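Engineer: I would like to see how this sequence folds:
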Amino acid sequence: MSPILTEADRAFFDQNGYLVVRQLIPANQVDAVVNAIWDFLEFDPDDPSDWYRDPHRVNGMVEMYHDQALWDVRQNPAVYELFRELFGREDLWVFIDRANLKPPPNEAHSEYDHHGMVHWDIDVRETPTPFLVQGVLYLVDTKQGEGGFQCVPGLHRRAAQVSAGISDQDLRHQQLHEGFPEQIGPPIEVEANAGDFIIWHSALPHGNSRNCSDNPRLAQYVRMFPADPADEELREARIASWRESSHPAFQHPRAFPGDPRRKEAESPPAQLTPLGRKLLGLDDWI
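Structural biologist: This is a model prediction of the structure:
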(Lines give C-alpha, C1' and ligand atoms only; values in the text may rest on other atoms or scores of the structure.)
Protein backbone atom coordinates (compact mmCIF):
# COMPACT_ATOMS: atom_id res chain seq x y z
CA MET A 1 0.00 0.00 0.00
CA SER A 2 1.04 3.64 -0.34
CA PRO A 3 3.15 5.16 2.46
CA ILE A 4 1.19 6.70 5.31
CA LEU A 5 3.78 9.19 6.53
CA THR A 6 5.16 12.20 4.69
CA GLU A 7 8.54 13.75 5.42
CA ALA A 8 6.71 16.52 7.27
CA ASP A 9 4.89 13.92 9.39
CA ARG A 10 8.15 12.26 10.35
CA ALA A 11 9.74 15.59 11.22
CA PHE A 12 6.77 16.54 13.41
CA PHE A 13 6.85 13.16 15.15
CA ASP A 14 10.59 13.35 15.78
CA GLN A 15 10.30 16.87 17.19
CA ASN A 16 7.11 16.54 19.23
CA GLY A 17 6.90 12.84 19.99
CA TYR A 18 3.37 12.38 18.67
CA LEU A 19 1.38 12.65 15.46
CA VAL A 20 -2.29 12.77 14.49
CA VAL A 21 -2.99 10.66 11.40
CA ARG A 22 -6.30 11.85 10.02
CA GLN A 23 -9.02 9.38 9.05
CA LEU A 24 -6.85 6.29 9.23
CA ILE A 25 -9.78 4.03 10.12
CA PRO A 26 -13.04 3.89 8.08
CA ALA A 27 -16.35 4.79 9.67
CA ASN A 28 -17.73 1.25 9.58
CA GLN A 29 -14.87 -0.07 11.70
CA VAL A 30 -15.15 2.88 14.09
CA ASP A 31 -18.88 2.30 14.51
CA ALA A 32 -18.32 -1.41 15.11
CA VAL A 33 -15.96 -0.70 18.01
CA VAL A 34 -18.36 1.87 19.49
CA ASN A 35 -21.21 -0.63 19.38
CA ALA A 36 -19.00 -3.35 20.85
CA ILE A 37 -18.08 -1.16 23.83
CA TRP A 38 -21.69 -0.36 24.68
CA ASP A 39 -22.63 -4.02 24.28
CA PHE A 40 -19.74 -5.23 26.43
CA LEU A 41 -20.60 -2.84 29.26
CA GLU A 42 -24.33 -3.57 28.86
CA PHE A 43 -25.03 0.17 29.00
CA ASP A 44 -27.79 2.05 27.22
CA PRO A 45 -25.99 4.62 25.02
CA ASP A 46 -29.13 6.79 25.02
CA ASP A 47 -29.50 6.87 28.81
CA PRO A 48 -26.69 8.84 30.53
CA SER A 49 -27.86 7.70 33.96
CA ASP A 50 -26.85 4.15 32.97
CA TRP A 51 -23.16 4.92 32.46
CA TYR A 52 -21.97 4.89 36.07
CA ARG A 53 -22.00 1.32 37.35
CA ASP A 54 -20.26 -2.01 37.20
CA PRO A 55 -18.66 -3.55 35.26
CA HIS A 56 -17.16 -0.22 34.21
CA ARG A 57 -13.98 0.88 35.96
CA VAL A 58 -13.88 4.36 37.46
CA ASN A 59 -10.78 5.26 35.41
CA GLY A 60 -12.71 4.70 32.18
CA MET A 61 -10.84 1.61 31.05
CA VAL A 62 -13.03 -0.99 29.35
CA GLU A 63 -11.78 -4.50 30.10
CA MET A 64 -12.50 -5.93 26.65
CA TYR A 65 -9.64 -7.28 24.57
CA HIS A 66 -10.82 -9.72 21.93
CA ASP A 67 -13.99 -8.46 20.32
CA GLN A 68 -13.93 -8.91 16.56
CA ALA A 69 -14.22 -5.15 16.13
CA LEU A 70 -11.03 -4.57 18.14
CA TRP A 71 -9.13 -7.15 16.12
CA ASP A 72 -10.40 -5.70 12.85
CA VAL A 73 -8.76 -2.40 13.77
CA ARG A 74 -5.54 -4.10 14.89
CA GLN A 75 -5.24 -6.04 11.63
CA ASN A 76 -6.25 -3.10 9.45
CA PRO A 77 -3.40 -2.84 6.89
CA ALA A 78 -3.20 0.94 7.31
CA VAL A 79 -2.60 0.62 11.06
CA TYR A 80 0.12 -1.95 10.47
CA GLU A 81 1.70 0.20 7.76
CA LEU A 82 1.87 3.18 10.12
CA PHE A 83 3.72 1.21 12.78
CA ARG A 84 5.90 -0.52 10.16
CA GLU A 85 7.06 2.81 8.76
CA LEU A 86 7.97 4.16 12.18
CA PHE A 87 9.77 1.00 13.29
CA GLY A 88 11.40 0.48 9.91
CA ARG A 89 10.76 -3.27 10.03
CA GLU A 90 8.01 -5.68 9.04
CA ASP A 91 8.13 -8.25 11.85
CA LEU A 92 5.81 -6.76 14.45
CA TRP A 93 3.43 -8.12 17.06
CA VAL A 94 0.35 -6.25 18.21
CA PHE A 95 -0.17 -5.60 21.91
CA ILE A 96 -3.42 -7.06 23.25
CA ASP A 97 -4.93 -3.83 24.50
CA ARG A 98 -8.37 -2.53 25.39
CA ALA A 99 -10.77 0.37 25.00
CA ASN A 100 -11.83 3.44 26.96
CA LEU A 101 -15.15 5.07 27.76
CA LYS A 102 -14.86 8.17 29.90
CA PRO A 103 -18.33 9.43 30.85
CA PRO A 104 -19.09 13.08 31.57
CA PRO A 105 -19.19 14.30 35.19
CA ASN A 106 -22.20 13.27 37.24
CA GLU A 107 -22.70 14.66 40.75
CA ALA A 108 -24.32 11.43 41.88
CA HIS A 109 -21.30 9.40 40.73
CA SER A 110 -18.26 11.53 41.51
CA GLU A 111 -16.04 8.43 41.58
CA TYR A 112 -16.32 8.29 37.78
CA ASP A 113 -15.09 11.87 37.37
CA HIS A 114 -11.57 10.82 36.42
CA HIS A 115 -9.43 13.95 36.34
CA GLY A 116 -6.98 12.56 33.82
CA MET A 117 -3.36 11.58 34.04
CA VAL A 118 0.11 12.08 32.62
CA HIS A 119 2.48 9.14 32.99
CA TRP A 120 5.19 7.04 31.37
CA ASP A 121 4.56 3.46 30.27
CA ILE A 122 8.25 2.54 30.07
CA ASP A 123 11.39 3.04 32.17
CA VAL A 124 12.71 6.19 30.54
CA ARG A 125 15.97 6.12 32.52
CA GLU A 126 17.33 3.52 30.13
CA THR A 127 19.94 4.92 27.75
CA PRO A 128 19.75 5.09 24.89
CA THR A 129 16.01 5.60 25.17
CA PRO A 130 14.31 2.57 23.58
CA PHE A 131 12.24 3.32 20.51
CA LEU A 132 8.72 2.12 21.24
CA VAL A 133 5.48 3.62 20.00
CA GLN A 134 1.82 3.27 20.88
CA GLY A 135 -1.44 4.70 19.65
CA VAL A 136 -5.07 5.50 20.27
CA LEU A 137 -7.98 5.49 17.85
CA TYR A 138 -10.56 8.22 18.43
CA LEU A 139 -14.03 6.72 18.19
CA VAL A 140 -15.89 10.02 18.61
CA ASP A 141 -15.01 13.61 17.76
CA THR A 142 -13.13 14.87 20.81
CA LYS A 143 -12.22 18.49 21.51
CA GLN A 144 -10.30 20.03 24.41
CA GLY A 145 -12.06 19.43 27.70
CA GLU A 146 -13.70 16.24 26.47
CA GLY A 147 -11.33 13.64 27.93
CA GLY A 148 -9.02 13.04 24.98
CA PHE A 149 -5.31 12.35 24.65
CA GLN A 150 -2.88 14.74 26.30
CA CYS A 151 0.90 14.86 26.31
CA VAL A 152 3.95 17.04 26.93
CA PRO A 153 5.32 17.64 23.41
CA GLY A 154 9.02 17.10 22.85
CA LEU A 155 9.83 15.72 26.28
CA HIS A 156 10.57 12.28 24.84
CA ARG A 157 13.88 13.75 23.65
CA ARG A 158 14.87 14.64 27.22
CA ALA A 159 13.13 11.84 29.10
CA ALA A 160 16.28 10.20 30.49
CA GLN A 161 17.67 13.56 31.61
CA VAL A 162 14.41 14.74 33.19
CA SER A 163 13.73 11.45 34.98
CA ALA A 164 17.21 11.26 36.52
CA GLY A 165 16.13 13.29 39.55
CA ILE A 166 12.87 11.42 40.15
CA SER A 167 12.67 8.39 42.45
CA ASP A 168 11.65 4.93 41.29
CA GLN A 169 8.31 5.19 43.06
CA ASP A 170 7.58 8.67 41.74
CA LEU A 171 8.36 7.60 38.18
CA ARG A 172 5.22 5.48 38.37
CA HIS A 173 3.18 8.54 39.33
CA GLN A 174 0.00 8.94 37.27
CA GLN A 175 0.02 12.75 37.52
CA LEU A 176 3.61 13.57 36.64
CA HIS A 177 2.66 17.06 35.49
CA GLU A 178 1.23 17.86 38.92
CA GLY A 179 3.87 16.12 41.00
CA PHE A 180 6.81 17.51 39.04
CA PRO A 181 5.63 20.67 37.27
CA GLU A 182 9.12 22.12 36.81
CA GLN A 183 10.60 18.97 35.29
CA ILE A 184 7.61 17.80 33.27
CA GLY A 185 5.70 20.97 32.46
CA PRO A 186 2.04 21.33 31.48
CA PRO A 187 0.44 18.92 28.99
CA ILE A 188 -1.57 19.90 25.95
CA GLU A 189 -4.85 18.27 24.95
CA VAL A 190 -4.91 16.97 21.38
CA GLU A 191 -8.18 17.35 19.50
CA ALA A 192 -9.13 14.75 16.90
CA ASN A 193 -12.17 13.30 15.16
CA ALA A 194 -13.66 9.82 14.94
CA GLY A 195 -11.39 7.71 12.72
CA ASP A 196 -8.27 9.75 13.52
CA PHE A 197 -5.33 7.88 15.02
CA ILE A 198 -2.80 9.42 17.40
CA ILE A 199 0.55 7.68 17.64
CA TRP A 200 3.28 8.66 20.09
CA HIS A 201 6.74 7.78 21.32
CA SER A 202 6.50 5.75 24.53
CA ALA A 203 9.05 8.02 26.21
CA LEU A 204 6.59 10.91 25.87
CA PRO A 205 4.67 11.73 29.08
CA HIS A 206 1.06 11.16 28.11
CA GLY A 207 -2.39 10.16 29.26
CA ASN A 208 -5.99 11.22 28.92
CA SER A 209 -7.57 14.41 30.17
CA ARG A 210 -10.64 15.20 32.24
CA ASN A 211 -13.96 14.99 30.44
CA CYS A 212 -15.83 18.20 31.28
CA SER A 213 -18.36 17.86 28.46
CA ASP A 214 -21.86 16.39 28.34
CA ASN A 215 -20.82 13.44 26.17
CA PRO A 216 -18.75 10.28 26.72
CA ARG A 217 -15.28 9.97 25.28
CA LEU A 218 -14.64 6.64 23.53
CA ALA A 219 -11.34 5.32 22.22
CA GLN A 220 -9.41 2.14 21.39
CA TYR A 221 -5.76 1.67 22.31
CA VAL A 222 -3.47 0.07 19.73
CA ARG A 223 0.24 -0.53 19.84
CA MET A 224 2.77 -2.75 18.14
CA PHE A 225 6.30 -3.80 19.00
CA PRO A 226 9.09 -5.85 17.41
CA ALA A 227 8.13 -9.52 17.28
CA ASP A 228 10.06 -11.84 19.58
CA PRO A 229 9.47 -15.39 18.29
CA ALA A 230 12.33 -16.67 20.46
CA ASP A 231 10.19 -15.97 23.54
CA GLU A 232 8.02 -19.05 23.17
CA GLU A 233 6.35 -18.54 26.55
CA LEU A 234 5.14 -15.08 25.55
CA ARG A 235 4.02 -16.26 22.13
CA GLU A 236 2.02 -19.12 23.61
CA ALA A 237 0.44 -16.83 26.22
CA ARG A 238 -0.63 -14.40 23.51
CA ILE A 239 -2.16 -17.13 21.39
CA ALA A 240 -3.94 -18.65 24.40
CA SER A 241 -5.38 -15.26 25.33
CA TRP A 242 -6.79 -14.89 21.81
CA ARG A 243 -8.01 -18.47 21.53
CA GLU A 244 -9.74 -18.39 24.95
CA SER A 245 -10.87 -14.76 24.65
CA SER A 246 -9.26 -14.14 28.04
CA HIS A 247 -7.67 -11.00 29.40
CA PRO A 248 -3.87 -10.75 28.96
CA ALA A 249 -2.84 -10.93 32.62
CA PHE A 250 0.67 -11.89 31.50
CA GLN A 251 1.21 -8.35 30.23
CA HIS A 252 0.67 -6.61 33.59
CA PRO A 253 -1.76 -8.10 36.16
CA ARG A 254 -2.47 -4.83 37.96
CA ALA A 255 -2.90 -2.74 34.84
CA PHE A 256 -5.01 -5.34 33.02
CA PRO A 257 -7.28 -6.87 35.71
CA GLY A 258 -9.82 -8.24 33.26
CA ASP A 259 -13.59 -8.53 33.37
CA PRO A 260 -14.92 -10.46 36.40
CA ARG A 261 -17.91 -11.60 34.31
CA ARG A 262 -15.62 -13.10 31.66
CA LYS A 263 -18.14 -11.95 29.09
CA GLU A 264 -15.76 -12.28 26.14
CA ALA A 265 -15.11 -15.94 26.95
CA GLU A 266 -18.68 -16.63 25.86
CA SER A 267 -17.71 -15.86 22.26
CA PRO A 268 -15.47 -17.80 19.84
CA PRO A 269 -12.02 -16.40 19.00
CA ALA A 270 -11.94 -13.41 16.69
CA GLN A 271 -11.33 -14.22 13.05
CA LEU A 272 -7.85 -13.25 11.93
CA THR A 273 -6.61 -12.29 8.50
CA PRO A 274 -3.19 -13.53 7.31
CA LEU A 275 -1.79 -10.23 8.60
CA GLY A 276 -3.61 -10.62 11.92
CA ARG A 277 -2.19 -14.13 12.40
CA LYS A 278 1.33 -12.76 12.06
CA LEU A 279 0.61 -9.81 14.34
CA LEU A 280 -0.58 -12.23 17.02
CA GLY A 281 2.35 -14.63 16.60
CA LEU A 282 0.25 -17.50 15.29
CA ASP A 283 2.23 -17.46 12.03
CA ASP A 284 5.87 -16.51 11.55
CA TRP A 285 6.94 -13.45 9.61
CA ILE A 286 9.66 -15.35 7.80
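
Engineer: and the end-to-end length of stretch 115-129?
Structural biologist: End-to-end distance of stretch 115-129 (CA to CA, to the nearest Å): 29 Å.

Engineer: how far out from the middle of the chain is it?
Structural biologist: Centroid separation between stretch 115-129 and its chain, computed with CA atoms, centre = their mean, to the nearest Å, is 14 Å.

Engineer: ok, now stretch 68-78?
Structural biologist: On CA atoms, centre = their mean, the centre of stretch 68-78 falls 14 Å from that of its chain.

Engineer: quick check: buried residues in that stretch?
Structural biologist: If you call a residue buried by 16 or more other CB atoms under 10 Å, then stretch 68-78 has these buried ones: 69-76, 78. (C-beta placed from N, C-alpha, C; glycine too.)

Engineer: can you tell me which of those residues end up in helices?
Structural biologist: Members of these lying in helices (criterion: DSSP state H): 69-74, 78.

Engineer: what is the nearest of the residues you listed to residue 114?
Structural biologist: Each of those was checked against residue 114 using CB to CB; the closest is residue 70, at 21.6 Å.

Engineer: next one: the closest one from residue 95, what distance?
Structural biologist: Taken as CB to CB, to the nearest Å, the spacing of residue 70 relative to residue 95 amounts to 11 Å.

Engineer: and the strands in the stretch 1-150 of the chain?
Structural biologist: Per DSSP state E, counting those that start in this stretch, the stretch 1-150 of the chain has strands spanning 18-21, 61-62, 92-94, 99-102, 133-138, 149-151. These are given in chain order.

Engineer: which elements pack onto the longest one?
Structural biologist: The reference is to strand 133-138. helix 77-87, strand 197-201, strand 217-226 (3 or more CB pairs under 8 Å, 6 or more residues apart in numbering; DSSP states H and E).

Engineer: and the shortest one, by the same measure?
Structural biologist: Using 3+ CB pairs under 8 Å, 6+ apart as the contact test, the elements touching strand 61-62 are helix 27-41, strand 99-102.

Engineer: what do you get for the third one?
Structural biologist: For strand 92-94, the packing partners by 3+ CB pairs under 8 Å, 6+ apart come out as helix 77-87, strand 217-226, helix 274-280.

Engineer: which one of these is the most hemmed in?
Structural biologist: Here the criterion is mean neighbour count by mean count of other CB atoms under 10 Å, and of those the winner is strand 217-226, at a mean of 21.

Engineer: so what touches the helix or strand just after that one?
Structural biologist: The element immediately downstream of strand 217-226 (helix or strand, assigned by DSSP states H and E) is helix 232-244. Surrounding helix 232-244, the residues in contact under the criterion CB atoms under 8 Å, 6 or more residues apart in numbering are 65-66, 93, 96, 228-229, 246-248, 250, 265, 269-270, 272, 280-282.

Engineer: if we use 10 Å, what do you get?
Structural biologist: Taking contacts as CB atoms under 10 Å, 6 or more residues apart in numbering, the residues outside helix 232-244 that touch it are 65-66, 71, 93-96, 227-229, 231, 246-251, 262, 264-265, 268-270, 272, 276-277, 279-282, 284.

Engineer: among these, which ones are buried?
Structural biologist: For those, a burial check counting by 16+ other CB under 10 Å picks out 65-66, 71, 93-96, 227, 246-248, 251, 264, 269-270, 272, 276, 279-281.

Engineer: for residue 258, find the nearest of the helices and strands packed on strand 133-138.
Structural biologist: The closest approach between residue 258 and any of those, judged by CB to CB, belongs to strand 217-226 at 15.4 Å.

Engineer: show me what that closest one is packed up against.
Structural biologist: Secondary structure elements in contact with strand 217-226, counted by 3 or more CB pairs under 10 Å, 6 or more residues apart in numbering; DSSP states H and E, are helix 27-41, strand 61-62, helix 68-74, helix 77-87, strand 92-94, strand 99-102, strand 133-138, strand 197-201.

Engineer: now the helix or strand following the last one: mean pLDDT?
Structural biologist: Past strand 197-201, further along toward the C-terminus, the next helix or strand under DSSP H and E is strand 206-208. In this model, strand 206-208 has an average pLDDT of 96.
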